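> 3D, please:
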Amino acid sequence: QKTLCCRSSRRPIETGPGQEGHERRSLSLCPARALALARSPATTTTTTTKDRIMSFWLGTFFFVLLECAFVAWVQLRRTTEKPLKHTLYGTAVFCCWVSWAMVYASQIHTALYVAPVPKTPE
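Reported below is the predicted structural model:
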């Protein structure tokens, strides 16, 4: 029995009139089947929304602590232009936090079901 696959790197097989499928090679998995196996209850760990929110706020708290450390660093040293240094450190920490938050959010809400559309001959 042949397993249909959606990847163009597989060898094409006939599935019916006007339809074309792709045969799975011996040791490789069809992406749809691999996704189903990866999402099976035996291999996934369940994380609740509360765990995700808590870890987001824990990471945010780390960046707040980092900014507090920078404020103390600037305030306790004898340096010139303290307002400029507060602005630079604050901007750097905020940009790092925004980058971290975007990566964190993209890992929670992944786009696993995006599939390439085969190019049709013109």
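> show me where pLDDT drops low in this protein?
The model of the chain has pLDDT under 70 over residues 1-47, 49-50, 52-53, 111-112.
> all strands for it, in order.
Assigned by DSSP state E, the strands in the chain fall at 11-16, 19-23.
> next one: residue 114 from residue 120, what distance?
19 Å (CB to CB, to the nearest Å). Every C-beta, even on glycine, is put in place using the N, C-alpha and C of the backbone.
> please read the previous query as pertaining to residue 59.
Per CB to CB, residue 59 is found 44 Å from residue 120.
> compare neighbour counts for those two and give me the winner.
Between residue 59 and residue 120, counted using other CB atoms under 10 Å, residue 59 has the larger neighbour count: 13 against 5.
> I figured the more buried one hits residue 99, correct?
No. Assessed by CB atoms under 8 Å, residue 59 is found out of contact with residue 99, at 11.6 Å.
> residue 89 and residue 100: what is the separation?
16 Å.
> actually residue 117, not the one I wrote
In terms of CB to CB, residue 117 sits 32 Å off from residue 100.
> ok, those two, which is more surrounded?
Summary of the neighbour comparison: residue 117 and residue 100, criterion other CB under 10 Å, with residue 100 having more neighbours (15 against 5).
> from memory the more buried one sits against residue 58, does it?
No. In this structure residue 100 lies outside contact range of residue 58 using CB under 8 Å: 11.6 Å.
> run a quick neighbour tally on residue 60.
Count around residue 60 with other CB under 10 Å applied: 14.
> er, residue 82 I mean
Count around residue 82 with other CB under 10 Å applied: 13.
> then residue 97?
Using other CB under 10 Å, residue 97 has 17 neighbouring residues.
> for residue 67, same thing?
Look at residue 67: counted by other CB under 10 Å, it has 18 neighbours.
> measure residue 56 to residue 64 for me?
From residue 56 to residue 64 the distance is 13 Å (CB to CB).
> settle it for me: which of those two has more neighbours?
For residue 56 versus residue 64, neighbours defined as other CB under 10 Å are more numerous around residue 56 (15 against 12).
> could you pull out the helices in this structure for me?
With DSSP state H as the criterion, the chain has helices at 31-38, 49-76, 82-108.
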